[in-house]
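J.: Sharing a sequence plus its predicted fold:
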Amino acid sequence: MTIAPSTSLFYDRASSTMRSLSAQADRLNQQITAQSNILAPSDDSVAWQRLQGLSQADANGAAYAANVTVAKTVLQQADGALGTIGDQLQQVKTLVVQARNGTLPASGKVAIANQLGDILSQIVSTANVADTRGGPLFGGNSGGQAVTQNADGSLSFTTGEGASIPIGDGQSVQPSSNAAGFLKTGTSDLGSAITAIMAALNAGTDIPAAAADTVQQVSDQVATAQASIGARAARVDIVSNQLTDAKADRSATRDQVDGFDYATAITQLQKTMTSLQATQASFSKLSSLSLFDYLR
Amino acid sequence: MADLLSIGASGVKTYQTALATVSENIANVGNGAYARRSTNVTELAPVQGVLSAAAAMTGYGSIATGINRASDMFKSAAVRDSGADLARTQAGTVWLNSIQSALTGSDLSTSLTNFFNAAQSVAADPASPTPRAAMLESATTVANAFTATGNALAQVTADMDASADQATASLTSLSAALAKVNDGLSRSAPNTAQAASLADQRDSLLDQMSAIVDVHVTLDAAGRATVTAGGSNGPTLVSGNDAASVTYVRNGSGAVSFAVQMGGNYSVLTPNGGALGGIADGAQRIADTRDQLNTLATNFVNGVNSVQAQGRDLNNNAGQPLFSVGAAPTDVSLTLADPSGIAAAAVGGGTRDNSNILALGTLRTSGGFETKVTTLVAANAAALQNRNAVAAAQSAIHDGAVSARDAVSGVDLDSEAVDLMRFQQAYSASSRVIQAARDTFQSILEIR
């Protein structure tokens, strides 16, 4: 049974219908502007919570990505510096072989000794470079100079390791290592060894075998350290790719969870506008009808 | 022919009244509280026992015996009941919405995320002042977010108190007004315009009362309303000429209660509907939300400060508290001004050590602060979502009830136009009867 509405109910209904259609159109408009179906948590609490989780993961990902960039840069620097040190050690070894040549005159040995001294100070200064963060690249846990050459030619090192950089949940990478890790051997160090070789060359005596062994050992250690840095850099690259992939996945998931789609939203808006126009038209027609118009 | 004259005169008088009633209906077409009225027309029947042939044949015309007010007490009760249900849901929705805005307005969850991620940047470069300064900035944002969220929730509570006071005050004054209307109804004669107008006022007052609290109404023969609130066994608000006053109290734990005072007797009102019902629902949720936020703020501040205390800052001093708390647990403020004061290193770790600041990551996982904030918002949002759905259904029910009531009591201009024509014609015809009576009488006088 249809109930004939009273006059005031007719107006009330018309106004509430038009109001609700306008509100619907306004909401669709806001959704199109925000490119999201979820304008407030109460629109869909479950989806909102998932979207919050995704935003949080995005923020975490961005923080880790920044750390990855720092780690990558420092690792590259360490790799380059270790390569330089390795080349210089190669030179040291060549010079040692040359110096062992029995036909070399004393003046030649002194020249080699001088050259070795230069190379040692180059190695020390390479080991003392600062990383992009301003700290010593091969330093310890404090900001002190990584390698110090003592008066007797031996080297002293800082203690500890620089901090590992967090690059993912439960993942971190040590972007460099303490110079003691590759310039020092069990009992000796590169400084003492080269100084001993220089002393022997200057004195015209035989190069001590232990010192030559130390040079060889340090050279091996530098190669190992460089390989280790390279492996870490590879791991960081993998993590970096993972972060990028995860970000893309999250973006896809966000679209799914939100479910916003321009075509649907604009079609909906058009439908709402059409229905609002029709309501307005039928309201103005119906309200202009009155029996009183025919009373004369 | 005196009879014809008096019959005509009675018709003119009757239809004058009927036309006046129709005009009254038309004049009140925009008045929501007005119920359509109609005129009772009855025949003046011939008096029995009068032994006159003429008197036995005809009556004495018509008379307007009174005004009928078109109303249906059951339909009115349905409008009130559905209105109280709807008002409760809508009022509850208002408070849930306020909680939602308070919780999401200052973006607490995001600022917590940013704070913990800033700590990760410090971990990547513990010796550098820049990430440290950035971390202090994000710590300030977290402190402000806690404070702003706490204040916003306190404001919601204050707003709720104010609106509850207002609602109880208007319930009291509506009750007093209804008692006056009851008094008027007991003095007015039934089926008069005055009685109809008082009944209109009564129904309008009852509608307004049911928007505040669910009311149970019984009407006596004279149309006087006896009103109880919170169900038929609830405390009486209006009985005859007596009206109660209603008051609102919120206790320390945030629960609200309403008291009804009638003639020196106090009783507790448990609202099951109306705005008061919505306030009772909302109050509990606001109190719970504030409790949870307070706990969260306390845990966060204590957690971060204890991580600080375990570590060493850039100058190898024990870490000082990062945050301090004011009067309320959510009044968090930053106390550490110097970026080098962030204790990133463990004891004996050195300036480039980050093992202590990594403990913030552990705190983040174990404390689950961001998840807790999100869950708090989502739980409230789920309730709000549900209420919105319920409100849509209840509003459809209410609309239906209003339509059904209006079909009985509303004024339709087209029907009034028909009535106007009908009574106008009846009036003209009655005047014609008078003219006919005069003409007939005249023809008798003209006999010579």
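T.: Thanks, I have it. Numbering: from 1, shown residues only, chains lettered A, B, ... in the order given.
J.: How is chain A partitioned into domains?
T.: A:56-251, A:261-296 (automatic domain parsing).
J.: so where do the strands sit in the stretch 1-150 of chain B?
T.: According to DSSP state E, counting those that start in this stretch, the stretch 1-150 of chain B carries its strands in the segments B:37-43, B:62-69.
J.: what does the stretch 101-250 of chain A give?
T.: Going by DSSP E, counting those that start in this stretch, the stretch 101-250 of chain A shows strands at A:147-149, A:155-157, A:165-168, A:171-173.
J.: what's the closest non-adjacent residue to B:L413?
T.: A:T7 (4.7 Å; Cβ to Cβ, 6 or more residues apart in numbering or on different chains). C-betas here are computed from N, CA, C, even on glycine.
J.: same deal with A:L82?
T.: Nearest one to A:L82, counting by Cβ to Cβ, 6+ apart, is A:Q226 at 4.1 Å.
J.: who's in contact with the one you found?
T.: A:79, A:82-83, A:86 (Cβ atoms under 8 Å, 6 or more residues apart in numbering or on different chains).
J.: what's the closest of those residues to chain B?
T.: Top of the list for closeness to chain B, among the contacts of A:Q226 and by Cβ to the nearest Cβ, is A:D79 at 18.3 Å.
J.: Am I right that the closest one is in contact with A:I229?
T.: Yes. Counting by Cβ atoms under 8 Å, A:I229 is a contact partner of A:D79 at 5.0 Å.
J.: Show me how far stretch B:430-441 is from its chain's centre.
T.: 60 Å (Cα atoms, centre = their mean, to the nearest Å).
J.: In what element of secondary structure is A:V46 found?
T.: helix A:45-99 (DSSP states H and E).
J.: Now for B:A123, how many residues are close by?
T.: Neighbour count of B:A123, defined by other Cβ atoms under 10 Å in any protein chain shown: 26.
J.: Leaving out chain neighbours, which residue sits closest to it?
T.: B:A123 sits nearest to B:N354 (Cβ to Cβ, 6+ apart), 4.1 Å away.
J.: same question, A:R232
T.: Nearest to A:R232 is A:V173, by Cβ to Cβ, 6+ apart, at 5.5 Å.
J.: Pull the contacting residues for the one you found.
T.: Contacts for A:V173 (Cβ under 8 Å, 6+ apart) come out as A:71, A:75, A:164-165, A:167, A:232, A:235-236, A:239.
J.: which of these are buried?
T.: A:71, A:75, A:164-165, A:167, A:232, A:236, A:239 (16 or more other Cβ atoms under 10 Å in any protein chain shown).
J.: Please identify the residue of chain B positioned nearest to chain A.
T.: Closest point on chain B to chain A, by Cβ to the nearest Cβ, is B:G410, at 2.4 Å.
J.: State the distance from the nearest residue to that residue once chain neighbours are set aside to B:D200.
T.: Nearest residue to B:G410, sequence neighbours excluded (Cβ to Cβ, 6+ apart): A:S6, at 2.4 Å. Using Cβ to Cβ, to the nearest Å, A:S6 is found at 14 Å from B:D200.
J.: B:A343 now?
T.: B:A343 is 75 Å from B:D200, by Cβ to Cβ.
J.: These two: which has the busier surroundings?
T.: B:A343 (26 against 21).
J.: Contacts only, for the more buried one.
T.: B:307-313, B:318-319, B:356-357.
J.: Which single one of the residues you listed is nearest to B:L384?
T.: B:V307 (35.7 Å; Cβ to Cβ).
J.: okay, that closest one: pLDDT?
T.: On the pLDDT scale, B:V307 is placed at 95.
J.: Check B:A55 too.
T.: Confidence score, pLDDT, at B:A55: 57.
J.: Check B:L51 too.
T.: For B:L51, the model assigns a pLDDT of 58.
J.: re the thing from before, give me phi/psi at the residue nearest to B:A123?
T.: phi -130, psi 10 (degrees, to the nearest 10).
J.: show me the contacts for it.
T.: A:163-164, A:166, B:122-124, B:126, B:344-345.
J.: cutoff 7 Å now
T.: By Cβ atoms under 7 Å, 6 or more residues apart in numbering or on different chains, the residues touching B:N354 are A:163, B:123, B:126, B:344.
J.: and what of B:P131?
T.: B:121-122, B:125.
J.: how about low-confidence regions in the chain?
T.: Picked chain A for this. Low-confidence regions of chain A, defined here as pLDDT under 70, cover residues A:1-4.
J.: look at chain B instead
T.: Ranges of chain B meeting pLDDT under 70: B:1-2, B:47-57.
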